[in-house]
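Peer 1: sequence below, structure please.
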Amino acid sequence: MSNDDTNNAAIAERHPDLERLDCLVGTWDVTGGAVGTATYEWMDGRFFLIQHVELEQFGERVHGFEVIGHNQDFGSEPDAEIRSCFYGNMGDTLRYVYEVDGDILTSWGGEKGSPAFYRATFSPDGNVVSGDWVYPGGGGYSSTMTRRAG
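Peer 2: This is a model prediction of the structure:
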């Protein structure tokens with residue numbers, strides 16, 4: 001057995017719930033409380049979805065990327081939740097838990113059930129996602145993403 005065969009045999013099986021994230025793949029124009037673009041693409045192997053953002057929010061330029069998938073520590077099984085970490089140009093690292101249930105997308109800030117979350121609904125054709133960011137204490141904003149053609 002070659003070294004490549006050994007490495008391939010050790011690769012974890014891809015969790016089937018990752019398929020639900022396919023609805024995000026593409027480049028989106030973002031409007032509402034944040035304005036700009038978000039692009040989602042699968043990393044080779046399709047274990048992780050990568051999001052790149054270029055936004056303006058609250059008068060600040062926000063550029064960053066997010067890695068979305070199942071966390072897996074050394075010698076452990078993958079985490080049951082789809083988790084992510086966003087790395088931004090202002091030094092922030094924001095953690096989320098993603099859920100896609102039918103046409104509803106929820107991104108929980110930190111842990112599932114958090115008082116900070118984004119909940120949005122996909123249009124019937126899947127090319128528009130509209131919802132609200134909700135923050136503790138009543139803050140937040142509406143946001144709509146529209147998929148670019150092509």
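
Peer 1: can you list the low-confidence ranges for this protein?
Peer 2: 1-12 (pLDDT under 70).

Peer 1: where does the most centrally placed residue in the chain sit, in terms of helix or strand?
Peer 2: Central residue check for the chain by CA atoms, centre = their mean: the C-alpha nearest the mean position is that of residue 68, 5.2 Å away. Taking DSSP states H and E as the criterion, residue 68 maps to strand 60-69.

Peer 1: so where do the strands sit in the chain?
Peer 2: Assigned strands in the chain, in chain order: 26-32, 34-42, 48-57, 60-69, 82-88, 93-101, 104-109, 117-122, 128-134, 140-147 (criterion: DSSP state E).

Peer 1: circling back to that earlier point, need the CA coordinates for the strand holding residue 68. PDB is fine.
Peer 2: The C-alpha coordinates for strand 60-69 follow below in PDB (Å, rounded to 0.1, in the frame of the first residue of the first chain):
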ATOM      1  CA  GLU A  60     -16.900  50.100   8.900                       C
ATOM      2  CA  ARG A  61     -15.200  48.000   6.100                       C
ATOM      3  CA  VAL A  62     -15.500  44.300   7.000                       C
ATOM      4  CA  HIS A  63     -13.400  41.900   5.000                       C
ATOM      5  CA  GLY A  64     -12.900  38.300   6.200                       C
ATOM      6  CA  PHE A  65     -13.500  34.700   5.700                       C
ATOM      7  CA  GLU A  66     -15.400  32.000   7.500                       C
ATOM      8  CA  VAL A  67     -14.800  28.200   7.600                       C
ATOM      9  CA  ILE A  68     -18.000  26.200   8.000                       C
ATOM     10  CA  GLY A  69     -18.200  22.500   8.800                       C
END
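
Peer 1: what inclination does it have with respect to strand 93-101?
Peer 2: 60 degrees (axes from the mean of the first three to the mean of the last three CA atoms, to 10 degrees).

Peer 1: can you name every helix or strand that strand 60-69 contacts?
Peer 2: strand 48-57, strand 82-88, strand 93-101 (3 or more CB pairs under 8 Å, 6 or more residues apart in numbering; DSSP states H and E). (Glycine included, C-beta is placed from N, CA and C.)
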